[in-house]
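K.L.:
Sequence plus predicted model, see below.
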Amino acid sequence: MEYLFEKLAEPGVKLHKGRTDDQKRGKRVFSSFGKIPSRLGELGIVKLDGKKFEVATENVIKLIPREIQLPKAEENGSRKVKVFVQPDSWIRAKVISDIYRFSFNSVLLVSGSYTSEGSIFTSFTEESPAEDSQADTILAPLDAKVEEAKERIFYAPCSSEKLETNVKNRVQEILEFREESSQKNFDAEVECLIRLAILRVRLSKKVEEKPDLMQLEFLLYQYARARHVLATMENELETEVDKEKQDLERKVDWKEIHEFEEELALSISTADFAVKRFIEARDICLCSGFVDQIIRFSRSFSKFYSKCRVLPGCSGFHGDKFELIDDAKEESLRRLLLVEMFVDRMDTMFSLLGVSPLHSIKSCSGRWQSQERPA
């Protein structure tokens, strides 16, 4: 609904998605707490009663771009972030600082000693000396006494060594069920899970030494699954798919679609605006909710994939042959388009958090093929 609300935006208009109970397949209901929007007719919106409105879901989905459009970078220049590193919690400080540096375009001023020997994480890269430098933001341990700044962010303890050891042990257990070729990216998978496990926890809370990784492993699996779908389609049907998709994007029909296609498309819209809020706010405290948003997003993809597959033996294919069936061609390519949009958003969200997931996770069944990481 976010793109629709953006289209309807005007002074005095305050829109709300409405109650979940009011929503039904093929229709979306929303309300206005202020002025009634003036562009209802051109967007196919029908007034129900009072300030409640109904719109066909297909009209909402058509507004979602194939690739996410990111807001422009802040023009006020980079901010200086002074990082006080607590020795035992240095990995948490490192993970947070990487977001400041690479996603928020900040200059790091690092203070404190720590030991990174034996860790898969690299040491801090300090761009300016910490002494005698006025910082815009201070990142410090929870109980630290630090000087005043425009913004002070405090982080709770995180036993870096124990956390890394426990995650390594967990990943090693998982690798026993993977093919040998999948085990070469051990460090990459460990780092990815540690970053997500740290960022999922609110800064005021301690990071557990043995975090629950099940949901994080699940979202990485869904991302790898989507990457596998794209790789398979591109390798086997590159020419045909490219040609058909160009035509499909101009005339795709979102009216008669599966309920999980609808849910995934709407989740893509929600993810877009979560990304925009994160970039515009440049608030490190949003990371916890941002990771939870990625988890919810991956659940929508999982439900979609369980009923709306686009690989051989499913909609649009002759058994194990890579040959599109004319009667189901549009359905298959529409679903492929949704997979592409999902991957595009996941790539962006992972990048903002400094996470580089594997493109696929190959199990002993041999179904997964690529093991490359994003550039």
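P.N.:
The structure has been received and is ready for your questions. Everything quoted here is computed from the prediction, not taken from an experiment.
K.L.:
and Phe342, what does it touch?
P.N.:
Residues in contact with Phe342 (Cβ atoms under 8 Å, 6 or more residues apart in numbering) are Ala226, Leu264, Ile268, Phe297, Phe301. All C-beta spots, glycine's among them, are computed from the backbone N, C-alpha and C.
K.L.:
Check which helix or strand the third one maps to.
P.N.:
Think Ile268. Counting by DSSP states H and E, the element that carries Ile268 is helix 259-281.
K.L.:
Tell me which residues are up against the helix or strand following that helix.
P.N.:
Next helix or strand after helix 259-281 toward the C-terminus (DSSP H and E): helix 287-307. Residues lying outside helix 287-307 but in contact with it, judged by Cβ under 8 Å, 6+ apart, are 96, 99, 196, 199-203, 215-216, 218-219, 222-223, 225-226, 229, 258, 260-261, 263-264, 267-268, 270-271, 274, 278, 335, 338, 342, 345-346, 349-350, 352-353.
K.L.:
Count the neighbours of Gln69 for me.
P.N.:
In terms of burial, Gln69 registers 8 neighbours under the definition other Cβ atoms under 10 Å.
K.L.:
Report the separation between it and Leu266.
P.N.:
According to Cβ to Cβ, to the nearest Å, Gln69 stands 18 Å off from Leu266.
K.L.:
what's the answer for Phe53, then?
P.N.:
With distances defined as Cβ to Cβ, the gap from Phe53 to Leu266 amounts to 17 Å.
K.L.:
Can you report how many residues neighbour Leu216?
P.N.:
Here the neighbour count serves as a burial measure; for Leu216 (other Cβ under 10 Å) it reads 23.
K.L.:
Would you confirm that it contacts Ala197?
P.N.:
Yes - in terms of Cβ atoms under 8 Å, Leu216 counts as a neighbour of Ala197; the distance is 6.3 Å.
K.L.:
where in the stretch 101-250 of the chain is pLDDT low?
P.N.:
Counting by pLDDT under 70, the stretch 101-250 of the chain contains low-confidence ranges at 125-133, 177-184, 235-250.
K.L.:
That one: strands as residue ranges?
P.N.:
Applying DSSP state E, counting those that start in this stretch to the stretch 101-250 of the chain gives strands spanning 107-111, 137-141, 151-155.
K.L.:
looking at those, which is buried most?
P.N.:
For the strands of the stretch 101-250 of the chain, average neighbour numbers computed from mean count of other Cβ atoms under 10 Å are highest in strand 137-141, which has a mean of 23.
K.L.:
Direction included, what does that one pair up with?
P.N.:
Paired with strand 137-141 in the same sheet, following DSSP bridges, are strand 80-84 (parallel), strand 151-155 (parallel).
K.L.:
Show me what that strand is in contact with.
P.N.:
Contacting residues not belonging to strand 137-141 are listed as 79-84, 86, 89, 93, 96-97, 100, 106, 146-147, 149-155, 157, 284 [Cβ under 8 Å, 6+ apart].
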